[in-house]
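K.L.:
with the input below, show me the fold.
(chains A and B)
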Amino acid sequence: MTLLITVFGAVAATLAWYTRRDDTLHLGALCFLLWGAALMWLGDAIFGYLEEGAAYFTPSAAEMLNDSFLGLSVLALALVVWLVIVLVKDSRGRVRAALLKK
Amino acid sequence: MACFLVGAAEAAAVTVAARALELREQSHEARLTGAPHSVSAEENPLPWSRRLKWLARLLWGGALLLCFEHLWHGEVVPWFPFLTAAENPADMAEMLHEMATVGVTMAVIVTFVWAMMVLAATHILRRSQRAPQR
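P.N.:
Next comes the predicted model:
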């Protein structure tokens, strides 16, 4: 579930990056974050499948719930990291304007 | 246990290499044109330093989110020695084995996908450079 949620997040971020005309939201950074994690979890999943066989695809309800919760938490962390990048780079100058406002 | 450390180590090495390459490319451009980021940026829109930065970002992103996962599972702790497996030799051996198998596989997968990405990007650039001549 963690891998699936991360892949869905990565695909959504990539589509958003592809369809936007400008790069002021730095969606590329979010894409790299999520794809990097998804690919690494793919490696983990391969070893999980080699160890457990078909049982890997039939996790218990408690495992699925915990993994889903983890996947959503990972997505939340990635979004927070991305938001920090957007605010620090401040491509639209909004943060600078807010700081200079009297 | 600590498989993400392999990706993090590769990310650190790639970041250093990308920075060194970037400095070399800039000094090379300056020597050729007298001013950095001018003619050669048009000739080579995809320098190797930029390609390596993609790999570094993929690896850092993956390592960061996997570190969080390990924190979630109690395998990484915010106090010394930071890895719970490092507290006894039996767990340490298991951790090193996992790093050598799962960790290396993760790094190989990310690097392979990056290589495919670079190939695709090079192909797209060549196609777009050829297109106006038709």
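K.L.:
can you tell me which residues contact the residue nearest in space to the middle of chain A?
P.N.:
Most central in chain A under Cα atoms, centre = their mean is A:L34, positioned 3.6 Å from the mean C-alpha point. Residues in contact with A:L34 (Cβ atoms under 8 Å, 6 or more residues apart in numbering or on different chains) are A:6, A:9-10, A:13, A:75, A:78, B:61, B:65. Just so you know, the C-beta spots here come from the backbone N, C-alpha and C atoms, and that holds for glycine as well.
K.L.:
take those and keep only those in helices.
P.N.:
Among the contacts of A:L34, the ones falling in helices (DSSP state H) are A:6, A:9-10, A:13, A:75, A:78, B:61, B:65.
K.L.:
kindly reformat the residues you listed as JSON lines containing distance to A:K101, pLDDT and neighbour count.
P.N.:
Converted to JSON lines, the ones in helices among the contacts of A:L34 look like this (distance: Cβ to Cβ, whole Å; pLDDT from 0 to 100; neighbours: other Cβ atoms under 10 Å in any protein chain shown):
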{"residue": "A:T6", "distance to A:K101": "38", "pLDDT": "96", "neighbour count": "28"}
{"residue": "A:G9", "distance to A:K101": "34", "pLDDT": "96", "neighbour count": "23"}
{"residue": "A:A10", "distance to A:K101": "37", "pLDDT": "96", "neighbour count": "23"}
{"residue": "A:A13", "distance to A:K101": "31", "pLDDT": "95", "neighbour count": "23"}
{"residue": "A:L75", "distance to A:K101": "33", "pLDDT": "96", "neighbour count": "21"}
{"residue": "A:A78", "distance to A:K101": "31", "pLDDT": "96", "neighbour count": "24"}
{"residue": "B:G61", "distance to A:K101": "34", "pLDDT": "95", "neighbour count": "29"}
{"residue": "B:L65", "distance to A:K101": "35", "pLDDT": "95", "neighbour count": "25"}
